[in-house]
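S.K.: Quick one, what's the 3D model for this:
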Amino acid sequence: MQKNKSLILFLGVLLLIFSFSWTKHIVFTDEIIYEEFSFQMLTTSDYLAPSQEGAVWLIRPPLYFWITALAYRIFPPTPFARRLVTLIAAAATVALTYKLAARFFSRKASRWSMILLATTPLFLFFTKAANLDIPLAFFILTTILAYEKAKTQPRWLWVAGITFGLGILTRSFLALTPLPVILLDQMLFEKRKISATHIALALILSLTIALPWHLAVWKKYPQAFVQDYLRFNIEDHLFAQTPGHQPLSMIRFLTNILVIDNPLAVLALGNLLPQRSRTRKNLRLFLIWIASSLVPLALAVTRHEWYAIQALPPIAILGGSGLVRIEEAVRRRLNDQRLSLLKIFGLAILCALPVTVFLNIFKETKSVATLNQFLKRTPEGTPLYNLENRYTPQSTLYNPRETPVVDPEELEHLKAPFYVYADDNRQYELIKEKTRSCCEREIIAQDRDAKVILVNPR
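M.R.: All right, here's what the predicted structure looks like:
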């Protein structure tokens, strides 16, 4: 009966994850880039390095694009096909969250953990777009679950080594989270020590999986590897704000992750209620995991919320455990009628979260919305210039127009009309300032504070 209940809940979760995954709407602009990387690998049979607009782009490792290119061989290159890896990874992440929660807490807590993860707005929203962060969350979760199993069955450490390496091939340095989790757990808390030799062998296996691609692209594209891959993934994220995104303060970033984009994370506080000391020990691994994910992201200058998706499974597990503790405490203080009313209220809140996500997935990003207007109102082949950063990248399947980046200083010396995209009011004011003495301007597309401007020399 308990297994049937869990299976029914999991099928309901799958419905949430796969709903609207076939729509053409672009809610995450990077989806266009990932689609293009995968399609170019398929058409050119060059699987070494992602490319776009004829140039190598080494800002991301290739595993997601390899698998999506394979999906394109089997299925038509539709929105569903480009999101297939994300969808499978999301379903597997929810299932493994249930498994890991059941290992530490009750089956009831594990079911709630699964539900809380699937209804977390940040997680559910990104199941509707091709992205690397949900697959990364899956590999990190699998690595830590395999590590837990390796405490009693050492062979599972090989699984941890494999998934750790695959995580690096998916998201580069963001995939290193399991390393501090395992080392801190072994050094500070865990009595069942795993041999350092076995851990070293698992790391060697990880390097055997991840290192060959890194060495191959370094040998073939040394400058791009250093400037794009290493610099972008380390220096540009740690010490600079990624172009095209508004900066977030550390407090706002953590507030978004733990409150605004994940309001039911507050249920994790239920673990503070009186409980057995053994249960408290079970919390340590998840607290280390959450800290290992969020602290580096909060300290970096670039603070994208979706980078923190890897922290959602442990937060959901603590939320499920906390909810069970809260229910037990409330049950002792309320009669059945009041308890039923409280459950109805809680269920209404729970259902409101996915509804909110589904209402927003048909609202495309402002760069895509203005691009669509531009494509309809201009002749084929008309390029759309980007200011400072390629906000609307060219794509074989989605956007066939050229999208070069123009230096703002060039706007003062225009010889012919052209279209330029402004991502916000600051950029629009910059365009006005640079073209005030030489050109006329006309806004031909607009969505929120994004605009496409036709600049005409006088």
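S.K.: Tell me the helices and strands packed up against the helix or strand bottoming out on mean pLDDT in the chain.
M.R.: Ranked by mean pLDDT, DSSP states H and E, the weakest helix or strand in the chain is helix 236-238, scoring a mean of 80. Applying 3 or more CB pairs under 8 Å, 6 or more residues apart in numbering; DSSP states H and E, one finds that helix 236-238 makes contact with no other helix or strand. Any C-beta I mention is one placed from the backbone N, CA and C, and that applies to glycine too.
S.K.: ok now the following helix or strand past that helix, how far from the chain's centre?
M.R.: Next helix or strand after helix 236-238 toward the C-terminus (DSSP states H and E): helix 250-255. Computed by CA atoms, centre = their mean, to the nearest Å, the chain-centroid distance of helix 250-255 equals 17 Å.
S.K.: mind showing which ranges of the stretch 101-250 of the chain have poor pLDDT?
M.R.: By pLDDT under 70, the weakly predicted segments of the stretch 101-250 of the chain are 243-244.
S.K.: Where do the helices of it begin and end?
M.R.: 107-119, 121-126, 133-150, 156-171, 178-184, 196-220, 222-224, 236-238, 250-255 (DSSP state H, counting those that start in this stretch).
S.K.: So for the third one, what gets flagged as buried?
M.R.: Buried residues in helix 133-150, defined by neighbour count with 16 or more other CB atoms under 10 Å: 133-150.
S.K.: And the fifth one, by the same measure?
M.R.: Applying a neighbour-count criterion of 16+ other CB under 10 Å, one finds 178, 180-182, 184 buried in helix 178-184.
S.K.: packing partners for the strand or helix carrying A89?
M.R.: Following DSSP H and E, one finds A89 within helix 84-104. Helix 84-104 makes packing contacts with helix 2-18, helix 63-74, helix 107-119, helix 133-150, helix 277-299, helix 312-331 when contacts are defined by 3+ CB pairs under 8 Å, 6+ apart.
S.K.: swap the cut-off to 7 Å and go again
M.R.: Helix 84-104 is packed against helix 2-18, helix 63-74, helix 107-119, helix 133-150, helix 312-331, with contacts defined by 3 or more CB pairs under 7 Å, 6 or more residues apart in numbering; DSSP states H and E.
S.K.: Figure out which of the helices of the stretch 101-250 of the chain is closest to I290.
M.R.: helix 178-184 (9.6 Å; CB to CB).
S.K.: list the helices and strands that closest one packs on?
M.R.: Using 3+ CB pairs under 7 Å, 6+ apart: helix 178-184 touches helix 133-150, helix 277-299.
S.K.: 8 Å instead?
M.R.: helix 133-150, helix 156-171, helix 277-299.
S.K.: between the first one and helix 312-331, how big is the angle?
M.R.: Put simply, helix 133-150 runs at 70 degrees to helix 312-331, going by axes from the mean of the first three to the mean of the last three CA atoms, to 10 degrees.
S.K.: Then the longest one?
M.R.: Direction vectors for helix 277-299 and helix 312-331, defined by the same axes, to 10 degrees, enclose an angle of 140 degrees.
S.K.: who's in contact with helix 277-299?
M.R.: The contact list for helix 277-299 (CB atoms under 8 Å, 6 or more residues apart in numbering) reads 104-105, 144, 148, 177, 180-181, 184-185, 189, 250, 253-254, 257, 271, 303, 307-308, 310-311, 314-315, 317-318, 321.
S.K.: how about 6 Å then?
M.R.: Contact with helix 277-299 is made by 104, 177, 180-181, 184-185, 189, 250, 253-254, 271, 307-308, 310-311, 314, 317-318, as judged by CB atoms under 6 Å, 6 or more residues apart in numbering.
S.K.: Could you check the angle that helix makes with helix 84-104?
M.R.: 150 degrees.
S.K.: among the helices and strands packed on helix 84-104, which is nearest A352?
M.R.: helix 107-119 (9.3 Å).
S.K.: tell me which strands and helices that closest one is in contact with?
M.R.: helix 2-18, helix 84-104, helix 312-331, helix 336-360 (3 or more CB pairs under 6 Å, 6 or more residues apart in numbering; DSSP states H and E).
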